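> Fold the following and give me the result.
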Amino acid sequence: MKYRLISISLLFCSLIGAEQVSFDRLGQKRQILYLAQSQNYKEAIKLYESYKDLLGRHDFEILQQMGISWIEQSARSRNPDEQMLGIFGLGLAGLTAPIDILEFAIASPDPNIQSAGLQYIGRAQEDFADALLNKAMSSQYLQTRLEAAFYLASRKSKSATGQIESLMYRLPPPMRYFFPEFFAIIGTPEAIGTLRHLMDDSFHPTKIEAILSAARHGRDDLLPPIRAAATHPDRGEQEAGAAALGYLKDMRSLKKLKKLSSSSSENVRLAAYNALYALGDKDAPRLIGNEAQSENLFAISLLADIPGQENVLVSLLKSANRNVRFNAARSLLQQRDSRALPVLVEFLVKDSKDLGFQPTASFGGSMQAWKVISSLEQHAENSYFDMRALSVAIKEHMIQRAALLPGPVFLELAELLLKARQNELVPVIISSVQSLGTPESIAFLKTQSLKAGAPLVRAYCNLALVRMKEEGPYEEAVLRFIEDNVSHQLIRFRSAIPWNMRLTDTYHLTPEESSSLLIGAYEMLINKQQSSGIDTLLKAISSGNPQNKAVLAGILIRALQ
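Predicted coordinates for the structure are as follows:
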């Protein structure tokens with residue numbers, strides 16, 4: 001009995017001790033979170049490390065709460081750079097942004113932050129998203145209001161038609177040109193009624209855009225006014241009408257299109273040829289090819305989607321006109337013809353000519369081509385959007401297309417571009433090589449990972465090889481890169497491209513090349529070695545550049561999910 005009482009006493013004491021330990025840990029967790037939320041993140045990490053040593057492992061729950069706290073602090077900052085990083089951190093973490101953060105973003109005096117906030121609002125499924133988009137329609141920046149209008153239309157919000165129509169009539173009449181697409185996207189009877197009204201607008205570009213928007217969105221209920229436009233005396237309306245009849249595959253208008261194909265206006269003829277091609281006319285490709293041979297840029301661009309005319313495009317690569325050469329090379333690349341590559345190099349390599357690219361549309365708005373401009377920096381000063389960001393995006397798109405070419409030709413292009421030190425293209429070049437996954441591409445990356453005098457190339461190649469699970473000193477090289485950059489590397493972003501000029505359907509904040517590398521290196525580290533990777537991330541947050549905190553916290557949270 002005596003021994004039994006002693007055993008019970010010892011058990012009771014051990015339970016009390018365990019409860020005391022549990023209570024102490026709970027108190028530590030509360031203290032850690034308090035420090036994290038009070039922006040004393042260094043002390044929070046120091047106390048967490050002590051807590052982890054006692055626990056014997058990482059506590060994912062508290063790590064996630066700490067990370068969310070740091071990201072939201074940055075996103076609520078009044079410093080524009082820190083606020084942008086906080087918004088980017090939310091995206092990296094895959095978190096839903098709290099409503100007050102989004103409200104704060106769209107109320108920012110910085111248009112880039114407004115645009116970044118709209119990126120999240122436009123994708124949000126919550127009920128508050130429409131209310132925030134309506135609020136953004138009152139922005140001091142027209143570009144923000146147009147972005148908000150696009151998201152309202154895409155969501156088919158109940159308030160979309162009224163809000164967008166109200167904005168349209170507050171602007172000068174020529175600005176109505178931007179609005180037909182919104183009403184076509186919405187597609188409700190009320191919106192289509194407004195779209196039909198815009199087809200009779202007194203400003204010809206607006207009328208033309210309304211016709212094309214209706215056709216692009218398959219509004220065959222608007223065929224009667226579209227057919228009528230194709231017979232109007234205005235050349236722009238004829239072109240738009242012909243193109244629209246092709247989009248809608250209106251067989252009843254075949255005779256009308258045949259007549260338009262004899263027009264004295266080369267662009268009206270082209271639009272009619274292209275419409276006839278859509279309706280199955282077998283002679284149309286040859287006719288478009290003939291127009292291309294006369295160096296019509298729009299005809300050259302149309303051949304990107306018409307097989308069988310590759311030899312015409314190849315002949316145009318020898319033109320003395322660089323606009324002709326560029327558009328011919330892009331169309332050939334679209335056809336996956338490697339004969340485009342020697343000419344494309346001329347435009348992909350940045351040199352003293354500082355070439356850039358800007359879109360140009362036909363008078364009837366149905367066709368687009370690209371113009372090559374010299375002295376990009378000088379032209380960019382007078383542009384309402386960042387022409388350099390658009391030019392880089394075009395180059396990246398061409399490199400991604402080139403990676404789809406058969407055989408080893410892409411690796412030859414990649415080597416040439418890296419040798420020419422095209423640093424702004426390094427991320428897309430290396431990721432495209434990595435995507436090939438062939439023995440030749442792996443050998444290429446290994447060779448470039450040893451390249452002298454090119455630290456950015458070496459680092460990206462090492463990271464790619466780690467991701468491809470290649471054996472070698474590649475992971476150690478990535479870790480050295482992290483250590484060398486922990487204290488001074490900042491995350492910077494490219495300028496945003498307006499919604500109606502993007503090459504893809506979605507908008508994301510795009511880090512510059514060195515920033516993208518740092519993010520990728522940390523992602524690799526934490527995905528490959530979760531426990532030690534978390535330790536490295538916490539060290540980087542504690543002792544590194546404070547502006548990196550939100551981004552690193554985003555990577556941490558994503559790894560814990």
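> what distance separates the start and the end of stretch 206-225?
End-to-end distance for stretch 206-225: 14 Å, by CA to CA, to the nearest Å.
> Just the helices from the stretch 351-500 of the chain, written as ranges.
Applying DSSP state H, counting those that start in this stretch to the stretch 351-500 of the chain gives helices spanning 376-380, 387-402, 409-419, 426-436, 439-448, 455-467, 474-485.
> For stretch 75-82, output the C-alpha coordinates as CSV.
Taking Å, rounded to 0.1, in the frame of the first residue of the first chain, the C-alpha atoms of stretch 75-82 are listed here in CSV:
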residue,chain,number,x,y,z
ALA,A,75,1.4,45.3,-46.9
ARG,A,76,0.0,47.9,-44.5
SER,A,77,3.2,50.0,-44.6
ARG,A,78,3.1,53.6,-45.8
ASN,A,79,6.4,53.1,-47.5
PRO,A,80,5.5,52.3,-51.2
ASP,A,81,8.4,49.9,-51.7
GLU,A,82,7.7,48.0,-48.5
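> what does it rub up against?
74, 83, 86-87, 89-90, 97, 100-101, 104-105, 108, 110, 112-113, 547, 550 (CB atoms under 8 Å, 6 or more residues apart in numbering). (Glycine included, C-beta is placed from N, CA and C.)
> Just those residues: which are in helices?
Residues of these located in helices (DSSP state H): 74, 83, 86-87, 89-90, 100-101, 104-105, 112-113, 550.
> out of those, who's nearest residue 423?
Taking CB to CB as the measure, residue 423 lies nearest residue 112 of the ones in helices among the contacts of stretch 75-82, at 22.7 Å.
> And the closest one, how far from residue 541?
Here the criterion is CB to CB, to the nearest Å. By it, residue 112 lies 25 Å from residue 541.
> For the two, indicate the residue with more neighbours.
Under the criterion of other CB atoms under 10 Å, the comparison of residue 112 against residue 541 puts residue 541 first, with 25 against 18.
> Low-confidence stretches in the stretch 401-550 of the chain?
Applying pLDDT under 70 to the stretch 401-550 of the chain flags the ranges 487-514, 528-529.
> same check, this time on the chain
In the chain, residues with pLDDT under 70: 1-25, 351-352, 376-386, 487-514, 528-529.
> let's go with 50 and repeat that
1-21, 23, 499, 502-510 (pLDDT under 50).
> now the strands: where do they sit in it?
Applying DSSP state E to the chain gives strands spanning 356-361, 368-373.
> For residue 455, find the nearest of those strands.
Using CB to CB as the measure, strand 356-361 is the one of the strands of the chain that comes nearest residue 455, at 26.7 Å.
> The closest one: partners in the sheet, and parallel or antiparallel?
When pairing is defined by DSSP bridges, strand 356-361 lines up against strand 368-373 (antiparallel).
> Output the partner strand as PDB, restricted to C-alpha atoms.
Provided in PDB are the C-alpha atoms of strand 368-373 (Å, rounded to 0.1, in the frame of the first residue of the first chain):
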ATOM      1  CA  GLN A 368      -1.600  44.300 -85.800                       C
ATOM      2  CA  ALA A 369       2.100  44.400 -86.500                       C
ATOM      3  CA  TRP A 370       5.200  45.500 -84.700                       C
ATOM      4  CA  LYS A 371       7.500  48.500 -85.400                       C
ATOM      5  CA  VAL A 372      11.200  48.400 -84.300                       C
ATOM      6  CA  ILE A 373      12.400  51.700 -82.800                       C
END
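> Next, the angle helix 387-402 makes with it.
120 degrees (axes from the mean of the first three to the mean of the last three CA atoms, to 10 degrees).
> which residues are contacting strand 368-373?
Here strand 368-373 makes contact (CB under 8 Å, 6+ apart) with 297-298, 300-301, 322-323, 326-327, 330, 347, 355-362, 379, 387, 394.
> Which of the residues you listed are buried, as a PyMOL select command?
Filtering the contacts of strand 368-373 down to the buried ones (16 or more other CB atoms under 10 Å) takes a single PyMOL command:
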select buried, resi 297+298+300+301+322+323+326+327+330+347+355+356+357+358+362+379+387+394
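> May I see the helices of the stretch 351-500 of the chain organised as JSON lines, with distance to residue 123 added?
As requested, those are arranged in JSON lines below (distance: least, CB to CB, whole Å):
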{"stretch": "helix 376-380", "distance to residue 123": "30"}
{"stretch": "helix 387-402", "distance to residue 123": "20"}
{"stretch": "helix 409-419", "distance to residue 123": "33"}
{"stretch": "helix 426-436", "distance to residue 123": "24"}
{"stretch": "helix 439-448", "distance to residue 123": "34"}
{"stretch": "helix 455-467", "distance to residue 123": "27"}
{"stretch": "helix 474-485", "distance to residue 123": "31"}
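> Distance of residue 177 relative to residue 355?
29 Å.
> residues in contact with stretch 525-539?
Counting by CB under 8 Å, 6+ apart, 45, 48-49, 57-58, 63, 466, 475, 478-479, 482, 486, 522, 552, 555-556, 559 sit against stretch 525-539.
> now do stretch 134-154
With CB under 8 Å, 6+ apart, stretch 134-154 has contacts from 103, 106, 109, 111, 114-115, 117-118, 121-122, 130, 133, 159-160, 163-164, 167, 171, 178-179, 181-183, 185-186, 498-500.
> In helices, which of those residues fall?
Among these, the members falling in helices (DSSP H) are 103, 106, 111, 114-115, 117-118, 121-122, 130, 133, 160, 163-164, 167, 181-183, 185-186.
> Could I get the buried residue list for stretch 305-312?
For stretch 305-312, the neighbour count (16+ other CB under 10 Å) marks 306, 309-310, 312 as buried.
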